[in-house]
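Trainee: no sequence on this one, just coordinates:
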């Protein structure tokens, strides 16, 4: 299987530019056994050798993404002050696998940040997290996740608004803004059932479902504006929601 950095043809121009600027391939620090030799527990809790579908998907992930590192820029408002940050993502495998009614899923390193979740890949291709509970879908695929990171990075120079700081700590600010601002387009390649990007030349809104197992999953929003037009549009939309 070709490594992702050797063939960027499946990505948008935005994501290709993002990956060319920041992505690198390092020696993969693999944790644990190759999947063929792993012992996992099936849905009844019985220990078995890793099934074929788990071997194929997990080893395929290691071949395509192993060693991939990149940094995502992001701007936030904290205590009324702008903060510019950079988060590293590491696409190496971790050491565990679990079953659910849809198949199997396994963990990988993910974002280098202190968080209450572990990062997961399902054998059906979805990317997810877990806070100790079941698999929670975050992105429809790893490609969607990378496209979302590319949008986040692209709007990092814009002006952030006070909104959700992290996907596991949502703020209800701006929940309905996307439906009240004209000119926003859904960035389909970066969006899915649980995470959407709505962007224009002056406003960017990320609507998502929280990374927690509380039901129903709470909605959260992140908002950025670009220039006076974006600020005015966001203020007007915010006033309508009060």
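Mentor: Ah, there it is. Owing to the predicted nature of the structure, the values given are computational and were not obtained by experimental measurement.
Trainee: the most far-flung residue of the chain relative to its centre and residue 128, how far apart?
Mentor: Distance from the C-alpha centroid of the chain peaks at residue 46, with 32.0 Å (Cα atoms, centre = their mean). Per Cβ to Cβ, to the nearest Å, residue 46 is found 24 Å from residue 128. Bear in mind the C-beta positions are built from the backbone N, C-alpha and C, glycine included.
Trainee: repeat that for residue 23.
Mentor: 22 Å.
Trainee: can you check residue 67 too?
Mentor: 22 Å.
Trainee: and what of residue 72?
Mentor: On the measure of Cβ to Cβ, residue 72 and residue 128 end up 18 Å apart.
Trainee: and what of residue 104?
Mentor: Taken as Cβ to Cβ, the span from residue 104 to residue 128 is 12 Å.
Trainee: which of the two has more neighbours?
Mentor: Set residue 104 next to residue 128 and count neighbours by other Cβ atoms under 10 Å: residue 104 wins out with 23 against 19.
Trainee: thought the more buried one was touching residue 41?
Mentor: No: using Cβ atoms under 8 Å, residue 104 makes no contact with residue 41, being 10.5 Å away.
Trainee: find the residues that touch each one of the two.
Mentor: With contacts defined as Cβ atoms under 8 Å, 6 or more residues apart in numbering, the residues shared by residue 104 and residue 41 are residue 98.
Trainee: do me a favour and get the end-to-end distance for stretch 60-77?
Mentor: The straight-line separation of the ends of stretch 60-77 (Cα to Cα, to the nearest Å) is 39 Å.
Trainee: next, the buried residues of that stretch.
Mentor: For stretch 60-77, the neighbour count (16 or more other Cβ atoms under 10 Å) marks 61-62, 64-76 as buried.
Trainee: name the nearest of those relative to residue 202.
Mentor: Nearest to residue 202 among the buried residues of stretch 60-77, counting by Cβ to Cβ, is residue 75 at 15.4 Å.
Trainee: the nearest residue to that closest one once chain neighbours are set aside: neighbour count?
Mentor: Leaving aside its chain neighbours, residue 75 sits nearest to residue 160 (4.4 Å; criterion: Cβ to Cβ, 6 or more residues apart in numbering). Residue 160 has 21 neighbouring residues, counting by other Cβ under 10 Å.
Trainee: tell me the spacing between residue 160 and residue 85.
Mentor: From residue 160 across to residue 85, the span is 11 Å (Cβ to Cβ).
Trainee: please, where are all the helices along this structure?
Mentor: 13-22, 52-65, 142-154, 227-241 (DSSP state H).
Trainee: tell me the average confidence for the shortest one?
Mentor: In other words, helix 13-22. Mean pLDDT, helix 13-22: 98.
Trainee: and if you look at the last one?
Mentor: pLDDT averaged over helix 227-241 equals 73, rounded to a whole number.
Trainee: this protein - how does it break down into domains?
Mentor: Listed by automatic domain parsing, the domain ranges of the chain are 4-150, 158-241.
Trainee: nearest residue to the middle of the protein?
Mentor: Short answer for the chain (Cα atoms, centre = their mean): residue 145, at 4.4 Å.
Trainee: how about the nearest residue to that residue, chain neighbours excluded?
Mentor: residue 139 (4.1 Å).
Trainee: which residues does the one you found contact?
Mentor: Shown in contact with residue 139 (Cβ under 8 Å, 6+ apart): 126-128, 145, 148, 192, 194-195.
Trainee: could you report the pLDDT at it?
Mentor: Reported pLDDT for residue 139: 98.
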